[in-house]
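>>> here is the input, now give the coordinates:
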Amino acid sequence: MKFFQRLGRSIMLPVAVLPVAAILSGIGYWIQSAAGDNIVSTFLAAAGGALLNNMALLFAIGISIGMAKKTDGTSALAGLVSWLVITTLLKPDTVALFQGVAVDKVNAAFSNVENVFVGILCGLIGAWCYDHFKDTKLPDALSFFSGKRSVAIVTAGVSLVAAVVLFFVWPFVYGGLVAFGEWIVTLGPVGTGIYGFLNRLLIPVGLHHALNSVFWFDVAGINDLNNFLAGQGTFGETGQYMTGFFPVMMFGLPGAALAMYMTAKTKRKKIAYGILLSGAISSFFVGVTEPLEFSFMFLAPVLYLIHALFMGISMAISQILPVRMGFGFSGGFIDLVLGWANPMAQNPWLIPVMGVFWFFIYFFVFYFFIKRFNLKTPGREDDDLVDDEVTTTGSKDDAYLTTAAGFIEALGGAANITDLDNCATRLRMEIDDVAKVDDKALKRAGAAGTMKSGGHSVQVVYGLNVQFVKDAMERLMSGEVSAPEQTATAAASIAGDESGATTVLTEEKTGDAAAPAVVVMRQPLDGEVVPLSRVPDATFAEEIMGPGLAVVPTGDTVVAPGDGVIGATFDTSHAIALTLDDGAEVLIHVGIDTVEMKGDGFETLVDKGAHVTEGTPILRFDRKKIMAAGFDPITPVVVLNNEDAKVEFR
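Below you'll find the predicted structure:
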């Protein structure tokens, strides 16, 4: 899933340039339709078309940048190389030479090879080749081609293999889809609905053009688009394969954009606003939906499946109703206005009426699914995916690498670690030979404690920034980086992230203010208060993370135990940390091992860095769902930055 989230975010780079291009093209088309060819329409259409017509190329370059582990222009060059190799080898002229036939005899599939799917494939090839060959060292005689210079060469070779595979596979896929489209024409409104569903579903791979040709042009004798534009055909039928696009493109998708904006994290709303508003405008006015669709297609594929289903329903309903409309560009406001007086247009006023219905359907369904399943739509991405956009080389990053290197060595080496994961405060691992684990060395490297729960399972307690240590361990184990020359003690002294939450409990402090000797706070959750020793987890019961109390909950909402700043939130929403105004740094961990529920039944109500007042709801959970999953809902409340503090609830 992390791969698709990263892919979705990488797609935002090329998608960001499309809304303005779509609007320019749409306005140019509007002026041309109203006043004929002129300098203004030609200029605007050409400016917008320069980007829209090369969308797949933009994807190849943008994805190769975004998917590379470290942003570098070399990866962009690799994506471009892959695109040029594959599309040149598969263009009709080249294929005609391969097959020894005339160009007009080449399979029509090769006329549609410059599509988004191939662009994404080229971007992935470029990023992969960059990640794996940027550090290649060749013999002295070939040293000029070492390192990053080798990336483009390797990319060309890999792309050559990909082109050979596509040469045999692509015609079957394309031809099969055309034949399938000709069959579903016979199914009436149901077939129209299937067409609408597949039209959206095939956009990520660019094959929707093959399907469109069956219905819009004269492949199977329908010619819906050309007949409508010419004002000829059969009134009440012509336009039936285009009408259903209008309500969804003009109203439904903007409703989805509003839902995604409303559910974005507070600190990322501005970024989400720019992406979603521009995408909604281009969808409404011009009918160019890719900027919006690609914003959630890979981040939240279930929403895209719902969107495709809704498009199919809209197409089927539109064919059943006495409403017909067509377009020359796409199903947006501009084409609706231009086609209003077309002799083939039937009851066009019904389209805005249907559109209002679809706006609210999209808004409420998207809002519900995003909140219920914590979907990573724009503005809700994982923190680690956002943070790794910027490669840092400062002392903090070096110290995390040093800590990670110390942990790996103390765990018996990288080969001894068979599985690596983390929860809110600790590393969770499967170790091949537990006897090789050196608890004292882990402590020296920065661990607050170690637990061996039997078998091959080992947990290393670190602190709230354990994610950064885990990421550093993965980078070291993969060979991507090497540990800096620093002492493990220095690494252990890192204190807090940018929000101020303390990272680890070690013997060597960083000078941050400690919590008061007596920490008095509001009970953050309804239920019975018990000592930490009652918690069935040694990390809490033995106060490895720090002193505190626990609550056996009867309620379902965690509130701020005092005025303070949210120090850390977690993707799984099972825990939250905050720094109170008196200096106490508090971790509230709902349930034991509930990280394994992966957020199901949990909802974080505040954003990292937000200032909250005592009693503010900060986390909500489903106690019955926790128990049904076999986990204990007991909730430790721990003070992290004073191991001698006494905790009291009022």
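>>> longest single helix anywhere in the protein?
Ranked by residue count and defined by DSSP state H, the top helix of the chain is helix 149-184.
>>> the inter-axis angle of whichever helix or strand comes after that helix versus helix 149-184?
As assigned by DSSP states H and E, the chain's next helix or strand after helix 149-184 is helix 189-201. Using axes from the mean of the first three to the mean of the last three C-alpha atoms, to 10 degrees, the inter-axis angle of helix 189-201 relative to helix 149-184 is 170 degrees.
>>> and the angle for the following helix or strand past helix 189-201 with helix 189-201?
Moving toward the C-terminus from helix 189-201, the next helix or strand (DSSP H and E) is helix 208-216. Comparing the axes of helix 208-216 and helix 189-201 via the same axes, to 10 degrees yields an angle of 150 degrees.
>>> for helix 208-216, packing partners?
Under the contact definition 3 or more C-beta pairs under 8 Å, 6 or more residues apart in numbering; DSSP states H and E, helix 208-216 sits against helix 149-184, helix 189-201, helix 224-230. Where C-beta positions appear, they are placed from N, C-alpha and C, glycine not excepted.
>>> so where's the stretch 101-250 of the chain uncertain?
Within the stretch 101-250 of the chain, the segments meeting pLDDT under 70 span 140-145, 205-207, 210, 218-221.
>>> go on, the stretch 401-550 of the chain?
Checking the stretch 401-550 of the chain against pLDDT under 70 turns up 424, 483-513.
>>> that one: strands as residue ranges?
417-422, 426-431, 449-454, 457-461, 518-521, 527-531, 548-553 (DSSP state E, counting those that start in this stretch).
>>> need those strands in a markdown table (columns: distance to residue 610).
A markdown table is the format used below for these (distance: least, C-beta to C-beta, whole Å):
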| stretch | distance to residue 610 |
| --- | --- |
| strand 417-422 | 24 |
| strand 426-431 | 25 |
| strand 449-454 | 30 |
| strand 457-461 | 27 |
| strand 518-521 | 18 |
| strand 527-531 | 25 |
| strand 548-553 | 22 |
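>>> mind checking how far the residue nearest to residue 408 when sequence neighbours are not counted is from residue 401?
Spatially, and ignoring its direct neighbours in sequence, residue 408 is nearest to residue 414 (5.6 Å; C-beta to C-beta, 6 or more residues apart in numbering). Separation of residue 414 from residue 401 (C-beta to C-beta, to the nearest Å): 14 Å.
>>> between these two, what contacts are shared?
Common neighbours of residue 414 and residue 401 (criterion: C-beta atoms under 8 Å, 6 or more residues apart in numbering): residue 476.
>>> before we move on, the earlier item: could you give me the buried positions within the longest helix of the chain?
149-152, 154-156, 158-159, 162-163, 166-167, 170-171, 174, 177-178, 181, 184 (16 or more other C-beta atoms under 10 Å).
>>> that older thread, would you turn the strands of the stretch 401-550 of the chain into a markdown table with distance to residue 636 and mean neighbour count?
Putting the strands of the stretch 401-550 of the chain into a markdown table (distance: least, C-beta to C-beta, whole Å; neighbours: other C-beta atoms under 10 Å) gives the following:
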| stretch | distance to residue 636 | mean neighbour count |
| --- | --- | --- |
| strand 417-422 | 18 | 16 |
| strand 426-431 | 13 | 21 |
| strand 449-454 | 14 | 15 |
| strand 457-461 | 13 | 21 |
| strand 518-521 | 14 | 18 |
| strand 527-531 | 10 | 14 |
| strand 548-553 | 5 | 22 |
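>>> can you tell which of the ones you listed is closest to residue 612?
strand 518-521 (12.7 Å; C-beta to C-beta).
>>> quick one: strands adjacent to the closest one?
strand 646-649 (parallel) (DSSP bridges).
>>> can you list contacts of the strand it pairs with?
517-523, 529, 547-549, 561, 637, 639.
>>> that one - what's its average pLDDT?
Averaged across strand 646-649, pLDDT comes to 91.
>>> what helices and strands are in contact with the helix or strand residue 122 falls within?
Using DSSP H and E, residue 122 sits in helix 116-133. Packing partners of helix 116-133 (3+ C-beta pairs under 8 Å, 6+ apart): helix 2-15, helix 55-67, helix 73-90, helix 149-184.
>>> can you pull out the residues in contact with stretch 214-234?
178, 181-182, 185, 195, 213, 238-242, 326-328, 339, 342-344.
>>> can you flag the buried ones in those residues?
Applying 16+ other C-beta under 10 Å to the contacts of stretch 214-234 flags 178, 181, 185, 195, 213, 238-242, 326-327, 339, 342, 344 as buried.
>>> residue 267: which of these is nearest?
For the buried ones among the contacts of stretch 214-234, the nearest to residue 267 is residue 327 (39.3 Å; C-beta to C-beta).
>>> wait, what's in contact with that closest one?
225, 228, 242, 245, 246, 287, 335, 336, 339.
>>> now the second one: closest residue in space, sequence neighbours ignored.
Read that as residue 228. residue 326 (3.0 Å).
>>> in the stretch 201-350 of the chain, which spans are helices?
Counting by DSSP state H, counting those that start in this stretch, the stretch 201-350 of the chain has helices at residues 208-216, 224-230, 245-247, 253-262, 269-285, 290-296, 301-320, 333-339, 350-373.
>>> try the stretch 501-650 of the chain
Along the stretch 501-650 of the chain, the segments classed as helices by DSSP H, counting those that start in this stretch run 538-541, 623-628.
>>> closest to residue 57 out of the ones you listed?
Nearest of the helices of the stretch 501-650 of the chain (C-beta to C-beta): helix 623-628, 46.8 Å.
>>> CA atoms only for that closest one, dumped as PDB, please.
In PDB, the C-alpha atoms belonging to helix 623-628 read as follows (Å, rounded to 0.1, in the frame of the first residue of the first chain):
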ATOM      1  CA  ARG A 623     -13.800  -0.300  22.600                       C
ATOM      2  CA  LYS A 624     -16.100  -3.200  21.500                       C
ATOM      3  CA  LYS A 625     -14.100  -3.500  18.300                       C
ATOM      4  CA  ILE A 626     -10.800  -3.600  20.200                       C
ATOM      5  CA  MET A 627     -12.100  -6.400  22.400                       C
ATOM      6  CA  ALA A 628     -13.700  -8.300  19.500                       C
END
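>>> buried residues in it, which are they?
Here helix 623-628 shows 623, 626 as buried, counting by 16+ other C-beta under 10 Å.
>>> helices or strands next to it in the packing?
Helix 623-628 packs on no helix or strand, going by 3+ C-beta pairs under 8 Å, 6+ apart.
>>> ok now that helix, how far from the chain's centre?
Offset of helix 623-628 from its chain centre (C-alpha atoms, centre = their mean, to the nearest Å): 29 Å.
>>> what lies in contact with that helix?
By C-beta under 8 Å, 6+ apart, helix 623-628 touches 553, 554, 556, 590, 591, 594, 597, 600, 601, 632, 633.
>>> quick check: mean pLDDT across it?
Here the average pLDDT along helix 623-628 is 91.
>>> and stretch 299-311, which residues are buried?
In stretch 299-311, counting by 16+ other C-beta under 10 Å, buried: 299, 300, 303, 304, 306, 307, 308, 310, 311.
>>> surely the fourth one is in contact with residue 295?
To tie it back to what came earlier, the one meant is residue 304. No. Counting by C-beta atoms under 8 Å, residue 304 sits too far from residue 295 to count as a contact (10.1 Å).
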